[in-house]
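> Provided below are the primary sequence and the corresponding predicted coordinates.
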Amino acid sequence: MHTTRTDEPTLRLAAVRATVPMSDLVGFFDTAYTRVAQAAAREGWPIVGPAVALYRGMPTDTVDLTAGFAVDAEVGASSDGVEVVEVPGGPALSLTYTGPYDGLPEAWGLVEEDRAGLGADGRGEFWEEYVTEPSPGGDPQQNVTRLVLPLRVEG
């Protein structure tokens, strides 16, 4: 695994935001993605990308988390607690990780090492794109997750 410097496009998400205890992540994701998919179908917001988890700040016992899907919809639109928000694009480090979700902390560690090696600062948020959808009975070794760490631009 290695990181790549990218120029990320602006990301438009239909999503649910909450502060979630780390122990409740799986339940939050299941509920949030279902709510977002239902709202997108109801409102006619085309889903144009994989499931995304946007983290604001470093997780501790809790995490400020936004979970949803990239959509082609107007920013500010909302439906039943689901809002369309925009995440600015720009320079970033990304890494594609294949394997079970419990390996994500180690993969993020590689991204962080490369960020530090560049002498760059992160913007404060980062996200995971779940390229493959996990399925009950599926092989976790086949999960593909793209990690994105936006970098702070000086000046």
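Perfect, thanks for sending it.

> Can you point out the buried residues in the longest helix seen in the chain?
When the chain is parsed with DSSP state H, its longest helix is helix 25-43. Neighbour-count burial for helix 25-43 flags 25, 28-29, 32-33, 35-37, 39-40, 43 (criterion: 16 or more other C-beta atoms under 10 Å). Every residue, glycine included, has its C-beta placed from N, CA and C.

> what ranges do the helices span in the chain?
Secondary structure of the chain by DSSP H: the helices cover 25-43, 104-118.

> What is the nearest of the buried residues of helix 25-43 to Val63?
Using C-beta to C-beta, Leu25 comes nearest to Val63 of the buried residues of helix 25-43, at 7.6 Å.

> Show the pLDDT at the closest one.
Looking at Leu25, its pLDDT reads 90.

> any low-confidence regions in the chain?
The chain contains residues with pLDDT under 70 at 155.

> Please enumerate the strands of this protein.
Listed in chain order, the strands of the chain (DSSP state E) span 4-8, 11-21, 47-56, 62-71, 78-79, 82-87, 90-98, 125-130, 144-150.
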